[in-house]
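J.: Sequence and predicted structure below; questions after.
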Amino acid sequence: MDETAAKTTQIMGVLNVTPDSFSDGGLWFDHDRAVAHGLELMAAGADIIDVGGESTRPGSARVDEAEELRRVVPVVRELAAAGAVISVDTMRARVAAESLAAGAHIINDVSAGQSDPTMLSVAAESGAPIVLMHWRGYLDQASATFHYDDVVAEVISELRTRIDEAIAVGVEPANIIVDPGLGFSKNAEHNWQLLSALDEFAALDHRLLVAASRKRFIASLLSPDDPIQAEQAAKDQATATISAISAQAGAWAVRVHDPATSAVACKVIAAVREHSAAAAHSAADSGTEGAGR
């Protein structure tokens, strides 16, 4: 990876190997189609493929561990053999461990280690980076309205608790990635407030992942009277805008269904930041405040 690429916010492409995910449930449930779509995501600009075998949409039922393993591990193995960088989207330590053994690189746990108490130990022992996402409930509670006096301060505080717990069991601080958990235990207003304060999450001294893609609060913005009628292309355009905002705030990665639009947005932000830094450096070297026009 060249220096410019290293400064660009990474694109994490969503690969749901499920029959019931909110946006694309059933489309990639077949093994061969899942692998093919993973390769398509890479070709479209995804730096990381996030493979998940259990839906986290509001009201979804949990699958048993054996079924989640059956869905996920063979796909991870085949994509890893094709050179993909893979994160495994799971709340189960065994699924994480077997996926890492099959070639995955990152654990993405929406419960931040709260669903399976051994997850953080798997991360510590494997040395794999782990995404700690903010939430306040299990899958069937994910859309519940929760009260916040100050959503930004409270989400940051609760993430700090999860960070401290991870470090306490041996996870290296450099391997911790934080995710504000847009759409989980939050209403639309909470989500927009969190997005307006991404720089505060970036200041936590851990990598930041932002996962807004196609979520209901975006659909509600685009089609207030009937969010279900919001067009997918428009949701992807809105997602790309959020990706640009996230990149500007210094996010390490954005998790998206459509890598192409977000990859362009993040490259633009990286180019602007690079040239802004170069201009500032040049001005400092010349002893001026910067060129006028």
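T.: Arrived safely, thanks for sending. The model shown is predicted, which means the values in this text are computed figures rather than measured ones.
J.: rest of the way, CA atoms for contacts and neighbours
T.: Will do.
J.: Buried residues, stretch 74-87. List them.
T.: Across stretch 74-87, burial judged by 16 or more other CA atoms under 10 Å covers Val75, Val76, Arg77, Glu78, Leu79, Ala80, Ala84, Val85, Ile86, Ser87.
J.: hmm, who's touching whatever helix or strand Arg94 lives in?
T.: Assigned by DSSP states H and E, Arg94 belongs to helix 93-101. Under the contact criterion CA atoms under 8 Å, 6 or more residues apart in numbering, helix 93-101 has outside partners 65, 68-69, 72-73, 76-77, 88, 90, 106-107, 116, 118-119, 122.
J.: Which entries within the residues you listed meet the buried criterion?
T.: Judged by 16+ other CA under 10 Å, buried ones among the contacts of helix 93-101: Glu68, Leu69, Val72, Val73, Val76, Arg77, Val88, Thr90, Ile106, Ile107, Met119, Val122.
J.: which residues does the fifth one contact?
T.: With contact set as CA under 8 Å, 6+ apart, Val76 has these partners: Val51, Ile86, Ser99, Ala102, Gly103, Ala104.
J.: Could you double-check that the last one lies in contact with Ile86?
T.: The one in question is Ala104. Yes - contact criterion CA atoms under 8 Å: Ala104 and Ile86 qualify, at 4.8 Å.
J.: Pull up the overlap in contacts between those two.
T.: With CA under 8 Å, 6+ apart, Ala104 and Ile86 have common neighbours Val76, Ala80.
J.: Which one of the contacts of helix 93-101 is nearest to Ala244?
T.: The closest of the contacts of helix 93-101 to Ala244 turns out to be Ile106 (CA to CA; 23.2 Å).
J.: And the pLDDT for the residue lying closest to that closest one once chain neighbours are set aside?
T.: Nearest in space to Ile106, with sequence neighbours left out and distances taken as CA to CA, 6 or more residues apart in numbering, is Ser87 at 4.3 Å. pLDDT, Ser87: 98.
J.: Ser87 and Arg160, how far apart?
T.: 22 Å (CA to CA, to the nearest Å).
J.: With Ser246 instead?
T.: On the measure of CA to CA, Ser246 and Arg160 end up 20 Å apart.
J.: just for the stretch 101-250 of the chain, where's the confidence low?
T.: Counting by pLDDT under 70, the ranges of the stretch 101-250 of the chain that qualify are 138-145.
J.: Would you map the strands across it?
T.: Listed in chain order, the strands of the stretch 101-250 of the chain (DSSP state E, counting those that start in this stretch) span residues 106-109, 130-133, 176-179, 207-210.
J.: is it possible to export those strands to TSV including distance to Asp225?
T.: Below are the strands of the stretch 101-250 of the chain laid out as TSV (distance: least, CA to CA, whole Å):
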stretch	distance to Asp225
strand 106-109	33
strand 130-133	30
strand 176-179	29
strand 207-210	26
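J.: I'd like to know which of the ones you listed is closest to Arg255.
T.: Nearest of the strands of the stretch 101-250 of the chain (CA to CA): strand 207-210, 6.3 Å.
J.: Would you indicate which residues of that closest one are buried?
T.: So for strand 207-210, counting by 16+ other CA under 10 Å, buried means Arg207, Leu208, Leu209, Val210.
J.: Let me have these in a markdown table, adding distance to Met133 as columns.
T.: Converted to a markdown table, these look like this (distance: CA to CA, whole Å):
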| residue | distance to Met133 |
| --- | --- |
| Arg207 | 12 |
| Leu208 | 10 |
| Leu209 | 9 |
| Val210 | 10 |
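J.: Just the closest of the residues you listed to Asn175, please.
T.: So of these, ranked by how close each gets to Asn175 (CA to CA), first place is Arg207, at 8.4 Å.
J.: Not counting sequence-adjacent ones, nearest residue to that closest one?
T.: The nearest residue in space to Arg207 (CA to CA, 6+ apart) is Ile177, at 4.6 Å.
J.: quick check, distance from stretch 209-223 to the centre of its chain.
T.: 13 Å (CA atoms, centre = their mean, to the nearest Å).
J.: residues of that stretch that come out buried?
T.: Result for stretch 209-223 [16+ other CA under 10 Å]: buried residues 209-220, 222.
J.: quick one: contacts for Ile49?
T.: Applying CA under 8 Å, 6+ apart, the residues contacting Ile49 are Met12, Gly13, Val14, Leu15, Gly38, Leu41, Met42, Ala84, Val85, Ile86, Ser87.
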